[in-house]
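J.: Structure for the following, please:
(2 chains)
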Amino acid sequence: MREDATLVSRFTMEVATAVATAALGATTMIGASEHSIGWGDAGPEPGYFPFWIGLIVVVASIGAMVQAFVRHRGTGEVFLTRVQGSRLAAFVIPVFLFVPIALFLGLYVTTAIYLLAKMTLQGRYSIRRALPIAVGAPVFLFIVFERWFQVPLLKGPLEAMLGFY
Amino acid sequence: MENFALLLDGFGVALSVHHVALMIGGVLLGILVGVLPGLGAPNGVTLLMPLTFAMDPISAIILLTSMYWGALFGGSTTSILFNIPGEPSSVATTFDGYPLARQGQASEALTYAFMSAGFGAMVGVILITLLSTWVAAFALQFSPPEYFAVYFLAFASFVGLGGTSPFKTIVSLTLGLAFATVGMDTVSGSLRLTFGFDELLRGISFLVAVIGLFGLGELALTMEEGLRFDGVAARVSPIKVLRTIATMPRYWLALLRGSAIGCWMGITPGGPTAASFMSYGLAKRLSRRRANFGKGEPEGVIAPETADHAAGSSAMLPMLALGIPGSATAAVMLGGLMIWGLTPGPSLFNDRPDFVWGLIASMYLGNIVAVVLVLATVPIFAAILRIPFAIIAPLIVSVCFIGVWTVASAPFDLWLVLAFGVGGYVFKKLDYPIAPMVLAMVLGEKTEDAFRQSLIMSEGSLGIFWHNSLSGTLMSIGVALLLWPAASLLFARTRAKAAPAADA
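T.: Model prediction:
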């Protein structure tokens, strides 16, 4: 298996994106038609503007799709190679895990866990070297946000245990 | 001369210890943001925005604009030393800046970049000083149709001057407008596009969108390339700096041309990125030392840098005077003005002259502070880039999530930013422009209001947008810009058909 083998082609991605944006446009139109989309006594009704905007999104998406067929079909252009794909996954998967963990444990603890995991599992640091940074960074952020700027961030069970609210 | 007196008052506002300290802090934070890949000016300003909600508006805007200058400068540092543009607008600086640094002339390259950037920014600020009251006085006569015409022109110029596929620009733009309609309708009070989700009642915050699109999306791109820093040792020697400054007047033509292109692209929403590329391209075509471009030609550093910063600063003119931002970062700041309780646009000049002129004076000072600081701190920030990316990248991600939380303390926004991150990544890789979406999200509500108020005035006739010569002209230019890509395509077709015949 070659490293620069294509995982996703540009053409596939162009079409998929055009379908996705068209779907968003259609959703906007459906949402808008829950209200009156015509003209009332006081000019355009609430649904008028979003309805037409949604329609333009759909039409332009179709234009982008046609352009994808003209410009990118069968050209062999690459969107993502295998190597890029694995690098991307190594970045994206932890980022997506960050959110549910943060909603449960709070932003500070999650930052510590995330930093520690990234540095030891992917950055090949020893736990001894990674731990001070992983703990120090959230503590620093805590001082900056909670003390200096008085902006409370999302906290979890650990902060509650320590008596910070 | 009235402007001059007002400007002096502005210096009185800006030259307090508190404000100068904010400038220094803002510039340093900005350089940091500009140096780190994945954290750009729009994203940096967005992350800082929630922390300014408690400040008075003058301090807040000084902090944010200083950060903007710092970010523009920081982007050039990494372009020259590491061949990695910290900002999209400093891509063109890598073409000649990095080769110059590789030849052992890092001090010279950095000095050329910073001095010409400072020059460009100054020209932009002088332009603002001279024109802003005039533009604002002109704009005070605007009624809703004129406002809609101006917004329409701003959107249309993205489509007409964008360079990428017009369909993609329109998709990006109208999606932004659609996102802006989510939530409470300000005219009728009805809830639109919420589909029964309570989380959508507040609407979709453009701040969350920017952090996702520019922050997470851009980081994903950087990570995918398997980023390696291959830096040139950065030691800035003061003697070399002074000697280089002495040679600057030799490049007066490149400086003036870059400033002119930058100012034009900044006022029309072409933005700094387009300006720097255009300036580099023109300099290359017109220079006598054309062959040396790409191999470390000083003019190849000066041209894009001047235009980049001239565009960055002059983008503040339409933002202040008309309420229309000329770049993505200016769009974020415009959103900030509204959050601070100010109404951007011409009335601001009458209501809060202290704010407007304090800001303009701070642009003069902030840029001088930025040039000095950026030259002094090059070794420090170059050292930051030697911290392994395995530590920096996760830190940036955490800061992005924290920034999202500070916007509205809403768990839903943490999911939303992931969606925008994915969108930003895909859009960027497929050449969908992102700036139009941000601009549309910020201006969407005002655009719709202007549109609906106009039609209420005319009782439903679209002719209202051509009711006088001003809005008629603006609308006609807008329509022409929208049709421009189609027209140029047709033109190219007919010429391609005609060409073989001419050869024969």
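
J.: Report the contact partners of the most centrally placed residue in chain B.
T.: Taking CA atoms, centre = their mean, the centroid of chain B lies closest to B:Ser327, which sits 3.3 Å from it. Residues in contact with B:Ser327 (CB atoms under 8 Å, 6 or more residues apart in numbering or on different chains) are B:Gly266, B:Pro269, B:Gly271, B:Pro272, B:Ala311, B:Gly312, B:Ala315, B:Ala435. Where you see a C-beta, it was placed from the backbone N, CA and C, and this is true even at glycine.

J.: 7 Å instead, please
T.: B:Gly271, B:Pro272, B:Gly312, B:Ala315, B:Ala435 (CB atoms under 7 Å, 6 or more residues apart in numbering or on different chains).

J.: how close does it get to B:Ile31?
T.: Separation of B:Ser327 from B:Ile31 (CB to CB, to the nearest Å): 18 Å.

J.: go on, B:Val426?
T.: 30 Å.

J.: Compare those two (neighbour count), which wins?
T.: Neighbour tally, B:Val426 and B:Ile31, criterion other CB atoms under 10 Å in any protein chain shown: the higher count belongs to B:Ile31, 28 against 19.

J.: Need the phi and psi values for that one.
T.: When quoted as degrees, to the nearest 10, the phi and psi of B:Ile31 stand at phi -60, psi -40.

J.: Likewise for B:Ile434?
T.: Taking degrees, to the nearest 10, you get phi -100, psi -30 for the backbone angles of B:Ile434.

J.: What count of nearby residues applies to it?
T.: Applying other CB under 10 Å, I find that B:Ile434 has 23 neighbouring residues.

J.: Low-confidence bits of the stretch 51-200 of chain B, can you list those?
T.: Across the stretch 51-200 of chain B, residues meeting the criterion (pLDDT under 70) sit at B:86, B:162-163.

J.: And the strands in it?
T.: Taking DSSP state E, counting those that start in this stretch to define them, one finds strands in the stretch 51-200 of chain B at B:183-184, B:191-192.

J.: And for chain A?
T.: In order along the chain, chain A carries the following strands (DSSP state E): A:6-9, A:39-40, A:43-44, A:78-81.

J.: where's the residue in chain B positioned nearest to chain A, which helix or strand?
T.: Using CB to the nearest CB, the single residue of chain B nearest to chain A is B:Ala390, 2.9 Å away. Assigned by DSSP states H and E, B:Ala390 belongs to helix B:389-408.

J.: So what touches that helix?
T.: Against helix B:389-408 from outside (CB under 7 Å, 6+ apart): A:95, A:98, A:102, A:107, A:111, A:114-115, A:118-119, A:122-123, A:133, A:137, A:141, A:151, A:153-154, B:36, B:38-39, B:46-47, B:50, B:202, B:205, B:207-208, B:211, B:215-216, B:219, B:223, B:227, B:413-414, B:417.

J.: Buried ones among those residues?
T.: The neighbour count (16 or more other CB atoms under 10 Å in any protein chain shown) marks A:95, A:98, A:102, A:107, A:111, A:114-115, A:118-119, A:123, A:133, A:137, A:141, A:151, A:153-154, B:36, B:38-39, B:46-47, B:50, B:202, B:205, B:207-208, B:211, B:215-216, B:219, B:223, B:227, B:413-414, B:417 as buried among the contacts of helix B:389-408.

J.: unless I'm mixing things up, B:Val241 is touching B:Leu110, no?
T.: No - with contacts counted by CB atoms under 7 Å, B:Val241 stays clear of B:Leu110, the gap being 8.1 Å.

J.: overlap in contacts of these two?
T.: With CB under 7 Å, 6+ apart, B:Val241 and B:Leu110 have no common neighbours.

J.: Those two: which is more packed in?
T.: Neighbours of B:Val241 and B:Leu110, each counted by other CB under 10 Å, are more numerous for B:Leu110; the result is 27 against 17.

J.: roughly how far apart are the more buried one and B:Ala310?
T.: Separation of B:Leu110 from B:Ala310 (CB to CB) stands at 19 Å.

J.: cool, B:Ile170 as well?
T.: According to CB to CB, B:Ile170 stands 28 Å off from B:Ala310.

J.: And the two? Which one has more around it.
T.: Using other CB under 10 Å as the criterion, B:Ile170 and B:Ala310 rank with B:Ala310 on top: 34 against 24.

J.: so where does the more buried one fall, helix or strand?
T.: If you go by DSSP H and E, B:Ala310 is part of helix B:298-314.

J.: buried stuff in that helix?
T.: Within helix B:298-314, the residues that count as buried by 16+ other CB under 10 Å are B:298-314.

J.: try stretch A:76-88
T.: Buried residues in stretch A:76-88, counted by 16+ other CB under 10 Å: A:Phe79, A:Leu80, A:Thr81, A:Val83, A:Gln84, A:Gly85, A:Arg87, A:Leu88.

J.: Next, format those as CSV and append distance to B:Phe114 and pLDDT.
T.: Formatted as CSV, the buried residues of stretch A:76-88 follow (distance: CB to CB, whole Å; pLDDT from 0 to 100):
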residue, distance to B:Phe114, pLDDT
A:Phe79, 37, 93
A:Leu80, 37, 92
A:Thr81, 37, 91
A:Val83, 37, 90
A:Gln84, 34, 91
A:Gly85, 39, 92
A:Arg87, 34, 90
A:Leu88, 35, 94
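
J.: and the buried ones among the contacts of helix B:389-408, which of them are in helices?
T.: Among the buried ones among the contacts of helix B:389-408, DSSP state H puts A:95, A:98, A:102, A:107, A:111, A:114-115, A:133, A:137, A:141, B:46-47, B:207-208, B:219, B:223, B:413-414, B:417 in helices.

J.: counting contacts, what elements does the very next helix or strand once past the helix holding B:Ala310 pack onto?
T.: Per DSSP H and E, helix B:298-314 leads on to helix B:316-322 as the next helix or strand towards the C-terminus. Secondary-structure packing of helix B:316-322 (3 or more CB pairs under 7 Å, 6 or more residues apart in numbering or on different chains; DSSP states H and E): helix B:106-139, helix B:328-339.
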